Each structure stands twice: as C-alpha cells, then as structure tokens.
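A.B. asks: quick one, what's the 3D model for this:
(2 chains, ligands or ions: 2)
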There are 2 protein chains.
Amino acid sequence: MGSAAYTTSSRLLFRQLFEKDSSTYTYLLADTSHPDKPALLVDPVDKTVDRDISLVKELGLKLIYAINTHVHADHVTGSGLLKSKVPGVKSIISKASNAKADLFVEPGDKITFGDLFLEVRATPGHTVGCVTYVTGDGPNQPQPRMAFTGDTLLIRGCGRTDFQIFSLPKDTLIYPAHDYKGFSVSTVGEEMQYNPRLTKDEETFKNIMANLNLSYPKMIDIAVPANMVCGLQDVESKAL
Amino acid sequence: MGSAAYTTSSRLLFRQLFEKDSSTYTYLLADTSHPDKPALLVDPVDKTVDRDISLVKELGLKLIYAINTHVHADHVTGSGLLKSKVPGVKSIISKASNAKADLFVEPGDKITFGDLFLEVRATPGHTVGCVTYVTGDGPNQPQPRMAFTGDTLLIRGCGRTDFQIFSLPKDTLIYPAHDYKGFSVSTVGEEMQYNPRLTKDEETFKNIMANLNLSYPKMIDIAVPANMVCGLQDVESKAL
Ligand SMILES: [Fe+2]
Ligand SMILES: [Fe+2]
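C.D. replies: Residues are numbered from 1 along each chain as shown, chains lettered A, B, ... in the order given. Ligands and ions are numbered 1, 2, ... in the order given. All right, here's what the predicted structure looks like:
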C-alpha cells in the first residue's frame, strides 16, 4: 500500500472533473496513442456537459461513450445532453439497471476505447444495477489499475458490496462518483484498512446501515426518472 | 501535449485534496521509499487540518513541512494548526511574502523531503511573494514534472506571470491552488494554448485585468492578517 502516485501509462489520458453542487466526480479517459484518440466519460453531469465538451475538443479527443455506474439519485446524468451535442456518442449503463441507454453491459463485458479497455464488475447494493468499471489488465493497460466505483465505495465511506472490488490488487486506485470530504483518490489497500464501514463485521455493518437515518435525497424525484431515460435531454428517445 | 495521464514515480505518493468553501486544493506529497516516509503539504487550509492529519497517519507518513505558495486572501492557512497538532512540522513561505514562518525560501532554493525535492520559482503578480513549487529534475524525480502554481496560474484562468512557468516542459502538470470550474489538473502545453488570458497579447491582457471589476474577497480581512502569521493558531509565535 501507499507507494505509487498515480497510474502509469504513456497512452492513457486521464482527467478527474468535479461538479460542486452534487459533489460528483466525472472521469475523462482517452487513448491518446490511437490515431482517433477515442475518449469516454464516466458519470457525466448535465450541468457540466459544456465544460466537458470544451475539454474534449481542446485535447483533440473523439468522445465515443458516455458511461454511468448506476442510476444516480442526486444529479441528472449528462449522457442525454452529450448525445445531443456530440454526434456519434453512445450512452452505456448496466443491463441490470433497467434504465434506457444505447448499449447495455453485463459483468465481465469489456468497453474498448482504442487499445485500452474497461472491465465491468457487478457491485450491486447501493442500487441493484450498480457496476464498477476497472481498467484492463495487460501489457498496454495502465498500472496500477483504476476502479471507478460509483456510489458502491466512497473514500472512507459507504460500501459493503466490496467483495468484487477487494479482490483487486491492493494498489488499485479507487475513483468514486462522489466525495464530500475533499478526497480525490484512494487505493483498495487503504479502504480495506481504514474505511469505517468496511472494517466492521457483517452484523455491526447491518446495524450501522439500518440506523443511518439518512435524509431524503433532495434531487431524487427529479434525478431518478430522468436518469432512467439517460438524462432529461435524450433527444433521440423523444423523437421515437 | 496530451499524452501522459499522471506523474510516474514509484517513490512519490501524491494526493490532491479539496476544501469546498474556498475551492482550495491542498497537495500531499511524500517520499514513500525513504524509511521515514517524509511528507509535506502545499497550501493546507485551517478547516481541513484534521482530515489531512488523519490521512498522513493512515498512510504512515511523517509530516515535516507545511508550505504556502503565497499569503492567501480567501482562506486561512492550516500551517499554524498543523504546527500545533503535529510536533516537528515546520512552516515554509517565500521570503518576499514578508509573512511569518519557520523557514523562508527564495527562487532557486530546494525543499527536500527524502530523496525528492521541490524547486522554488518566483512567479510574482497575484501577490509580490507568490512562488511556484516545481518537482525536481533528475533520475529519481517524478516525470512529467508537477508545478504547484498557487494563484499564479489557474486552469484556463488567471495568470500572466507565466514566464517562469511556461519555460517548463510542455508536459509539466499544472496543479493550482484553486479551481472554480471542477478541473483538477492541466499541463503547461494546454494552458499556453487555451488559457483565455494567456493567449492574449500584453495590451489586451492589461485591459482585461484592469476591467475585471472583481468583488471584494469576502475572507480577505480575516485571512490576510492571519496568514501573515502562519494562521490564527500559531501557538509558538504567541508563546514568544
Ligand atoms: Fe450518487
Ligand atoms: Fe487563493
């Protein structure tokens, strides 16, 4: 634990982007060694779509996928807007989410961009269709690996559907969908050791989760129905 | 421009941390290959000192320096609190800042932690004592280099005291003290090309800066006097 700074890859361009109102992280990944420079966004937010599109343009990338880890309850996905503003972008979500999208993935599937890829791992719990996207394993893939955990595992918080994630190497970098304390990245090893919910036994964990008394998420009534159809602005679905 | 994801170094541990009220980035750097695991914080914020101390402990690091890029006007530095809570921590700021600290640095100085170091570059303008800290050049130092620019150069904003920064290699990673749009990192090459203020000629730039009509910073009357003495909680200076 604790040695590497960040992923090493000469071909991966990686940017972590933040939406402050919902404390959501959006991740931009691209294969810059491929002639097309194909790129994807993980968990884009509707409010920051224009920022993301500018960045993609400035970096000379070709956005091909807008990917969600799950049906978010706290912000509206940017997938629909991205599809309407950038021709050719396809939205992706897990089949188990029951949401609308162009492509559906299942555990074990690979999402390829250039010579890089993400693996899909099932991490249900927060929602039934939650998946974690993990960068590939192989000679050209980034090392250490990076896991985009959505709301399944937040840094020092959340989680328990950790079995799929904790079977990854300890130096795997954890990139969640949110952070409320100002952290930006962690590792599997760190979370196994210091995540307050994950270091408890199953019984204690169940008690903690049953007694959270969480307030009703302020965006849930707007966000969930919108996200089930890929964001409010799914022009293609409205045209049908 | 645009290829590498993040700095490659097997010995550097690097974490970007965020304080939401002032949109301030604090950076943790440590040499994890050194037996002491010496660490430093760039631009710590008073409100997030406890978070930062926990993280330092969890990662098994030994915090030796609390470093500021300049006398901040928008938040109170965490240097004083860190000094009072973590024995042995020394505060560092530029000599030209005229602020109080344990150690003063001048352009060309090196700040060493284990076998890694930061170089000090003069980047006055935002304040007279503004400096940029740049990771070292050499076989064991991180590649590409990282520049902690404070308020001298924000991503796609601010700046003009860019000459010292823009003489760095184009793949140098830019880590500012703030971001208000949700960016977390950029490169010298990108800023040279897309920073709206830096792509203007000198006359246009002067006009833009003269007509910003910035509102009076809400924290300035509290933050500046406090930061001149290393944060409100400089126990050692009070004891003198
Ligand atoms: Fe969420
Ligand atoms: Fe500032």
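A.B. asks: only C-alpha atoms for contact and neighbour calcs from this point on.
C.D. replies: Will do.
A.B. asks: contacting residues around residue A:22?
C.D. replies: A:74-75, A:178 (C-alpha atoms under 8 Å, 6 or more residues apart in numbering or on different chains).
A.B. asks: so it is in which element?
C.D. replies: Using DSSP states H and E, residue A:22 falls within no helix or strand.
A.B. asks: next one, pLDDT for it please.
C.D. replies: What the model reports for residue A:22 is a pLDDT of 91.
A.B. asks: same question, the one 5 residues further on
C.D. replies: Per-residue pLDDT puts residue A:27 at 97.
A.B. asks: does it touch residue A:14 like I think?
C.D. replies: Yes: Residue A:27 lies in contact with residue A:14 (C-alpha atoms under 8 Å); the separation is 7.3 Å.
A.B. asks: how are the strands of chain A distributed by residue range?
C.D. replies: Counting by DSSP state E, chain A has strands at residues A:12-19, A:24-31, A:38-42, A:62-67, A:90-94, A:103-105, A:110-113, A:116-122, A:131-135, A:146-150, A:173-176, A:186-187.
A.B. asks: which positions in the fourth one come out as buried?
C.D. replies: The one in question is strand A:62-67. A:62-67 (16 or more other C-alpha atoms under 10 Å in any protein chain shown).
A.B. asks: low-confidence ranges, chain A, go.
C.D. replies: Residue ranges of chain A with pLDDT under 70: A:1-9, A:159-163, A:201-202, A:205-206, A:208-209, A:212-217, A:232-240.
A.B. asks: hey, where'd the helices end up in it?
C.D. replies: Counting by DSSP state H, chain A has helices at residues A:49-58, A:79-85, A:163-166, A:188-194, A:202-210, A:220-228, A:235-239.
A.B. asks: would JSON lines of these with distance to chain B and mean neighbour count be doable?
C.D. replies: Listed next are those as JSON lines, based on distance: least, C-alpha to the nearest C-alpha, whole Å; neighbours: other C-alpha atoms under 10 Å in any protein chain shown:
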{"stretch": "helix A:49-58", "distance to chain B": "7", "mean neighbour count": "16"}
{"stretch": "helix A:79-85", "distance to chain B": "18", "mean neighbour count": "23"}
{"stretch": "helix A:163-166", "distance to chain B": "18", "mean neighbour count": "16"}
{"stretch": "helix A:188-194", "distance to chain B": "7", "mean neighbour count": "19"}
{"stretch": "helix A:202-210", "distance to chain B": "21", "mean neighbour count": "12"}
{"stretch": "helix A:220-228", "distance to chain B": "21", "mean neighbour count": "19"}
{"stretch": "helix A:235-239", "distance to chain B": "26", "mean neighbour count": "10"}
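A.B. asks: the ones you listed: which one's closest to residue B:47?
C.D. replies: Between residue B:47 and the helices of chain A, the shortest gap by C-alpha to C-alpha is with helix A:188-194, which sits at 21.5 Å.
A.B. asks: next, count neighbours for the nearest residue to residue A:16 once chain neighbours are set aside.
C.D. replies: What sits nearest to residue A:16 in space, not counting adjacent residues and going by C-alpha to C-alpha, 6 or more residues apart in numbering or on different chains, is residue A:27, at 4.8 Å. For residue A:27, the count of nearby residues is 21 (other C-alpha atoms under 10 Å in any protein chain shown).
A.B. asks: noted, bye for now.
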